[in-house]
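> Pasting a predicted model and its sequence here:
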Amino acid sequence: MHIEKTAGRTVRAVLLRSFGSGHCEIRTPYAKREPEVDDRRVAVTGGDLRKVRRFYRNLRGIAGHNVKAYSDLHVAFPEVRYFTWLRDPVKRYLSHFKNRSRAYAREDFERWADTTWTHDWQTRMIAGEPNRLRLVSIHSDEILSFRFGTETAVARWTPVARDGADLPSALRVTRSALVSMGPGETADFSYVPARPGPMQLEVWIRRGIRIVLPVVVEAPKKEAARR
């Protein structure tokens, strides 16, 4: 995983020398790039990597700003292993500012510091930004089943609470976004989107009644620069 301003060019050169034609500097498809603009939250997916492997028959390594550990790469390819380089946060932050900014006066740095997408950069590039989802089963006498994902794939989430009580760390294990709940039960899950786009929550009971609720994951809106 390449985090901006953490010796990425050096690491890229080492990978190219080590793997040669077996290394790919992977990027997201053009159709996915528009929403990300500056913050690099759009991640390379397992589907993207499958397409790359059609051309790189002896692929041994990938790298890039959009390779994220919170995407579904490890689901599509369980053999995937990640590594990255970190840097002193203050030095990295200043280097990032000098690299992206077109002016370097004090007020330019203050505007940069006021934009939230620049904050906690190294942490967010590794872990993503979680969203907390709460499901409540309000049926009086049926067990409800839930599925969260796209039309063709089940997402992955991490359970964090049950019936209002936080779960111990041993039970906070990322898993497929499928759950069944009885009357009156509630469950909270942490979900990190890999990219913006349409998703859906399916709810059904054993008798076959099924409801599909559309969900839209939106790219974060940029804050207006301070005048």
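Right, received. Where do you want to start?
> So the protein: which segments form each domain?
With automatic domain parsing serving as the domain definition, the record reports that the chain contains domains spanning 8-127, 131-217.
> Can you name the element that comes right after the worst-scoring helix or strand of the chain on mean pLDDT?
The helix or strand with the lowest mean pLDDT-type score in the chain, counting by mean pLDDT, DSSP states H and E, is helix 30-33 (a mean of 70). Beyond helix 30-33 in the direction of the C-terminus, DSSP states H and E gives the next helix or strand as helix 46-55.
> helix/strand/coil for residue 93?
Under DSSP: H, G, I helix; E, B strand; the rest coil, the three-state class of residue 93 is helix.
> gap between the residue most central in space within the chain and residue 130?
Among the residues of the chain, residue 194 comes closest to the average C-alpha position under Cα atoms, centre = their mean, at 3.5 Å. Residue 194 sits at a distance of 12 Å from residue 130 (criterion: Cβ to Cβ, to the nearest Å). Any C-beta I mention is one placed from the backbone N, CA and C, and that applies to glycine too.
> got it, and residue 59?
Distance of residue 59 to residue 130, computed by Cβ to Cβ: 30 Å.
> Show me which of the two is the more surrounded one.
The residue with more neighbours, out of residue 59 and residue 130, is residue 59; 18 against 15, by other Cβ atoms under 10 Å.
> isn't the more buried one right up against residue 52?
Yes: Residue 59 is in contact with residue 52 according to Cβ atoms under 8 Å; the separation is 6.9 Å.
> Right, I'll leave it there.
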